[in-house]
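Engineer: here is my input, please return the structure:
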Amino acid sequence: MREPVELRRQRILSVVQSRGAVKVSVLAAELDVSVVTIRRDVEELTRVGRLRRGHGVARPVVDAPEPSTVPAARTEEPAGDGAAVALVVPERHSYLYETLHGARTVLEESGMRIALHIAPQSAGAERPLVERALADGARGLLIAPRWRNARSEELDYGWLAEVGVPTVLMERRPRPGSALHALDSVCSDHWYGTHLAVDHLVSLGHRRILLAARDDSPTARTIRTAFAEIAAARPEVEDWSIVLSSPAAVPGPGPQTPGAPAEAAPDPDPDGYATAVDLAALLRERGATAAVLHGDVDALMLVQRLAEGGVQVPRDCSVVAYDDVVAALGSTPLTAVAPPKAEIGRAAAELLLYRLAGTAGATGPVRRTELLPTLKIRGSAQPIPTPED
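Structural biologist: Below is the predicted model of the structure:
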């Protein structure tokens, strides 16, 4: 499925604003699109005044001496020493970019300068960016680490707990009892979001449900665990199973949920790459009539693959997507669980500003805030036919 144009252009802006001048060829390689497409995007962004274009290079509208800390946006210099709030998010992560923009709105309105840092996909990429931001005098930190597996999360606990400035985790909930347990955080209640998906399908009469989910982020791992717990506890659910939604959805062997059915993981091909799960065949094998699919892009691709296997949504299989970034854009708009992405960013920024205010109570108890997702019904899930139908 093609990425929406506006989302791709926002990713271009984020990269250029975080690094300064960037070659068009580099942007094409990092965003995994053609040079011609990137050149066209840069020309349009230049036309509307959001970028400057050089010979084979895209530049921010206002250059800054340190490319890695170019502000994502600036309204006015804040009172005091003018230091920025550092905002760190992973590259190629449209879900968290919505969170970023929610935070940006609050910080801009407060007059706080923002230093946006885009962390590449390599392990441990956030730490040097944070260290650079602190060396540049950042007063506070908003961060959403990638944490592709439990090990990478644990490796960040020590240094992130010692950054020395007010810090708020966005859309991340550290392991209970860890060094980051007592760190301010704002995230979605993904257990509740998973409950919404399962409850909706059960209410439509579905009794055999499959979860096809990623396993390469804290959100994905929470959804998988929640689904196993919820499905096992619902007496209406006669059979359930969990599979990977994409061959690239896990950076290594994924953890198994205790007590859950054995996971149908992709088999490696001769070149060492995982092959796609035949979801249509699996649905038939399990007799499943409904599926929860995480995340949106994987969900839309799986729906396409189901159609190729002779399974039509929602006629033959009801589907609920999880994320609601682009779920509504498919040829079959998908009913989806919508975490409050922008609101997470806004709440995190408000909490950080509260910590930075220095007023009475600003150093009070650690806050772990959870916001509830909602369910957007669009018609990809329908009541299961009865014999009379």
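
Engineer: my guess is His117 contacts Ala84, does it?
Structural biologist: No: with contact defined as Cβ atoms under 8 Å, His117 does not count as touching Ala84 (10.5 Å). Every C-beta, even on glycine, is put in place using the N, C-alpha and C of the backbone.

Engineer: more neighbours: which of those two?
Structural biologist: His117 (25 against 22; other Cβ atoms under 10 Å).

Engineer: ok, the one helix or strand that one maps to: who's next to it in the sheet?
Structural biologist: Assessed by DSSP states H and E, His117 sits inside strand 114-119. On the basis of DSSP bridges, the sheet neighbours of strand 114-119 come out as strand 85-90 (parallel).

Engineer: render the CA-only coordinates of the partner strand in PDB, please.
Structural biologist: Presented in PDB, the C-alpha positions along strand 85-90 are these (Å, rounded to 0.1, in the frame of the first residue of the first chain):
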ATOM      1  CA  VAL A  85      13.000  21.000  24.900                       C
ATOM      2  CA  ALA A  86      14.500  18.000  23.200                       C
ATOM      3  CA  LEU A  87      11.900  15.800  21.400                       C
ATOM      4  CA  VAL A  88      13.200  12.400  20.300                       C
ATOM      5  CA  VAL A  89      11.100   9.900  18.100                       C
ATOM      6  CA  PRO A  90      12.100   7.100  15.800                       C
END
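
Engineer: which residues are contacting it?
Structural biologist: Outside strand 85-90, the residues within contact range by Cβ atoms under 8 Å, 6 or more residues apart in numbering are 69, 72, 96-97, 99-100, 103-104, 107, 112-119, 121, 125-126, 129-130, 133-134, 138-146, 170, 349, 352, 356.

Engineer: switch the cut-off to 6 Å
Structural biologist: Residues outside strand 85-90 that contact it (Cβ atoms under 6 Å, 6 or more residues apart in numbering) are 96, 100, 107, 112, 114-117, 119, 126, 129, 133, 138, 140-144, 146.

Engineer: same check, this time on stretch 289-297
Structural biologist: 1, 197, 201, 206, 208-214, 223, 299, 302, 318-323, 325-327, 384.

Engineer: that one: end-to-end distance?
Structural biologist: 21 Å (Cα to Cα, to the nearest Å).

Engineer: which residues touch the spatially most central residue of the chain?
Structural biologist: What sits nearest the mean C-alpha location of the chain, by Cα atoms, centre = their mean, is Tyr95, with 3.6 Å. By Cβ under 6 Å, 6+ apart, Tyr95 lies in contact with 323, 325.

Engineer: check it and give its pLDDT.
Structural biologist: For Tyr95, the pLDDT comes out at 80.

Engineer: so it sits in a strand?
Structural biologist: No: read with DSSP: H, G, I helix; E, B strand; the rest coil, Tyr95 is helix and lies in no strand.

Engineer: off-centre distance for stretch 374-389?
Structural biologist: 27 Å (Cα atoms, centre = their mean, to the nearest Å).

Engineer: nope, stretch 150-159 is what I meant
Structural biologist: Counting by Cα atoms, centre = their mean, stretch 150-159 comes out at 19 Å from the chain centroid.

Engineer: which residues does it contact?
Structural biologist: Contacts for stretch 150-159 (Cβ under 6 Å, 6+ apart): 123, 127, 145, 147, 178-180.

Engineer: tell me the one of these nearest Val243?
Structural biologist: Lowest distance from Val243 to the contacts of stretch 150-159 (Cβ to Cβ) belongs to Trp147, with 21.9 Å.

Engineer: which of the three states applies to the closest one?
Structural biologist: Assignment for Trp147 (three-state DSSP): coil.

Engineer: which residues touch it?
Structural biologist: Counted by Cβ under 6 Å, 6+ apart, Trp147 has contacts 153, 218.

Engineer: quick one: it from Leu375, how far?
Structural biologist: The gap separating Trp147 from Leu375 is 26 Å, by Cβ to Cβ, to the nearest Å.

Engineer: now swap in Arg50 and tell me
Structural biologist: 34 Å.

Engineer: next one: His206
Structural biologist: Taking Cβ to Cβ, one finds His206 at 15 Å from Leu375.

Engineer: mind listing what's buried along the helix or strand containing Thr99?
Structural biologist: Using DSSP H and E, Thr99 falls within helix 94-110. Buried residues in helix 94-110, counting neighbours by 16 or more other Cβ atoms under 10 Å, are found at 94-104, 106-108, 110.
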